[in-house]
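**Q** Got a predicted structure here, sequence first:
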Amino acid sequence: MVRLTGFASVLFMSSVLAVLSGTATLALAAPSACDQLTKFKITGAELVITRTESVSAAPAGTVRLNGRGPETIPVGLPAYCRIDGTIRPRTGVDGKAYGIGFALALPAGWNGGFLFQGGGGLNGSVAQPLGSQAAGDTPALARGFAVVTTDSGHKGAVFDGSFMKDQQASLDFAYAAVGRVTEVAKQIVVQYYGEPARHSYFDGCSTGGREAMLATQRYPLDFDGVISGDPAMRTGYSNLADAWITIALNQIAPKDDAGKPIVGRALSDADKKLVVSSLLEQCDAADGLKDGMIFNIRGCRFDPALLTCRGARTETCLTSAQVNAIQKGFAGPKTARGVAVYSP
């Protein structure tokens, strides 16, 4: 069953446990201590565990959500064992070091679940294995999930595409890293807890959303469900659609002294809130449940014209210019034959 929202799609697969499809006959090992995992090996796999660390429990508000901003996690995190490793380390055709880096967090008080945390941009670094995407204020790790992240096979800045020169690195980024990291991480879970995960999920946005979608197609038995937010697929077309919307709004934005549009000023914060509220009002209940989320995209018939001011401009309506810009943005760019370049 596939359900879509305006900004994220959620695909829940049939409840086929990965342990039944791939690990039902696995001979379970006795649980291992965190430091013992430095010696973990998989027959036939090139795997190097580079570090293990026993991380103490952290109070609410003391752990940063990511390495780029000051935002912290508003709930406490349990003590956990963190394992860092590299799958198939090698030297690429360009002389650079490659390998699929990953980090796996194994919490105390494990709930029996496994979560693969998707990446972003072009990846290139191993993010903290917290599982905060689409989790509200309580990341997956705080909920008791074992969480794994990966750099998808290369090191570099978030939009550094130089790794594409190496064919294997390109394939790892495209899809292979998801399968390899899942296999390794699940076997480490068995080694650490003495039993396999009972349920497995993939959660990501943008590139992580693309990875979630490919997981359902290439590795359908590895996950019981995925959350695919803003999947970064056909990005050449989606970037054109983004530019189309930006231009439509810039055309009505106030101008600076040089006569150039002031980016981001076409709609105030109050205007944006008004548009979102109207969108929910018109489309939320189309899926049969008014819950603040839109799942029936095909049944959504959002009409921005209903927000047009009938008299003086107030915070409860939009100017005709603003409405026209929003309508143009929703319509999206079209080819000379009138075919939509990218569906809004």
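**A** The structure has been received and is ready for your questions.
**Q** all strands of the stretch 201-344 of the chain, in order?
**A** 225-229 (DSSP state E, counting those that start in this stretch).
**Q** low-confidence ranges in it?
**A** For the stretch 201-344 of the chain, applying pLDDT under 70 flags the ranges 343-344.
**Q** mind running it again at 90?
**A** Applying pLDDT under 90 to the stretch 201-344 of the chain flags the ranges 230, 233-239, 241-242, 293, 295, 297-298, 330, 340-344.
**Q** now the stretch 1-150 of the chain
**A** 1-32, 43-45, 64-71, 133-137.
**Q** all strands in it, in order from the N-terminus.
**A** So, for the stretch 1-150 of the chain - with DSSP E, counting those that start in this stretch - the strands run 2-4, 8-11, 47-55, 80-91, 97-107, 113-117, 146-150.
**Q** Kindly reformat these as TSV containing distance to Asp160 and mean neighbour count.
**A** (Each C-beta comes from the backbone N, C-alpha and C, glycine too.) Formatted as TSV, the strands of the stretch 1-150 of the chain follow (distance: least, CB to CB, whole Å; neighbours: other CB atoms under 10 Å):
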stretch	distance to Asp160	mean neighbour count
strand 2-4	31	14
strand 8-11	26	19
strand 47-55	22	16
strand 80-91	18	19
strand 97-107	13	23
strand 113-117	21	27
strand 146-150	16	28
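**Q** Would you convert those into a markdown table that also reports distance to Ala325?
**A** Output for the strands of the stretch 1-150 of the chain, formatted as a markdown table (distance: least, CB to CB, whole Å):
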| stretch | distance to Ala325 |
| --- | --- |
| strand 2-4 | 25 |
| strand 8-11 | 24 |
| strand 47-55 | 49 |
| strand 80-91 | 48 |
| strand 97-107 | 43 |
| strand 113-117 | 36 |
| strand 146-150 | 39 |
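**Q** So Phe295 versus Asp224, what's the distance?
**A** 19 Å (CB to CB, to the nearest Å).
**Q** bridging residues for Ser228?
**A** When bridges are called by DSSP bridges, Ser228 pairs up with Ser9, Gly204.
**Q** so what's Ala105 closest to, chain neighbours aside?
**A** Pro129 (4.0 Å; CB to CB, 6 or more residues apart in numbering).
**Q** That neighbour - how many residues pack around it?
**A** 27 (other CB atoms under 10 Å).
**Q** my guess is it meets Phe145, correct?
**A** No - taking contacts as CB atoms under 8 Å, Pro129 lies outside contact range of Phe145: 9.6 Å.
**Q** Next, count neighbours for the closest residue to Arg310 other than its chain neighbours.
**A** Leaving aside its chain neighbours, Arg310 sits nearest to Cys317 (7.3 Å; criterion: CB to CB, 6+ apart). The number of residues packed near Cys317 is 17, by other CB under 10 Å.
**Q** Then Thr235?
**A** Counted with other CB under 10 Å, Thr235 comes out at 14.
**Q** Now do it against Asn250, distance only.
**A** Counting by CB to CB - Thr235 and Asn250 are separated by 21 Å.
**Q** what's the answer for Leu307, then?
**A** 20 Å.
**Q** Look up the closest residue to Tyr98, ignoring the ones flanking it.
**A** Using CB to CB, 6+ apart, the closest residue to Tyr98 is Gly92 (4.6 Å).
**Q** any idea how far Ala169 is from that neighbour?
**A** Gly92 is 6 Å from Ala169, where distance means CB to CB.
**Q** any shared contact partners between the two?
**A** Tyr98, Phe163 (CB atoms under 8 Å, 6 or more residues apart in numbering).
**Q** Those two: who's more crowded?
**A** Counted by other CB under 10 Å, Gly92 and Ala169 do not tie: Ala169 has more neighbours, with 27 against 17.
**Q** Give me the spatial nearest neighbour of that one, chain neighbours excluded.
**A** Phe163 is the one closest to Ala169 (CB to CB, 6+ apart), at 4.3 Å.
**Q** What does the pLDDT read for that neighbour?
**A** If you check Phe163, the pLDDT there is 97.
**Q** what residues are up against it?
**A** Gly92, Lys96, Tyr98, Leu122, Gly124, Gly153, His154, Gly156, Ala169, Ser170, Phe173.
**Q** Would you verify that it is located in a helix?
**A** Yes - using DSSP: H, G, I helix; E, B strand; the rest coil, the assignment for Phe163 is a helix.
**Q** What are the neighbouring residues in contact with the residue nearest to Arg310?
**A** Applying CB under 8 Å, 6+ apart, the residues contacting Cys317 are Leu274, Leu307, Thr308, Cys309, Arg310.
**Q** can you rerun that using 10 Å?
**A** For Cys317, the contact set (CB atoms under 10 Å, 6 or more residues apart in numbering) comprises Asp271, Leu274, Leu306, Leu307, Thr308, Cys309, Arg310, Gly311, Val323.
**Q** residues contacting the second one?
**A** If I follow you right, that is Leu274. Contacts of Leu274 by CB under 10 Å, 6+ apart are Leu267, Ser268, Leu307, Glu315, Thr316, Cys317, Leu318, Gln322.
**Q** distance of the second one from Ala253?
**A** As judged by CB to CB, Ser268 and Ala253 stand 11 Å apart.
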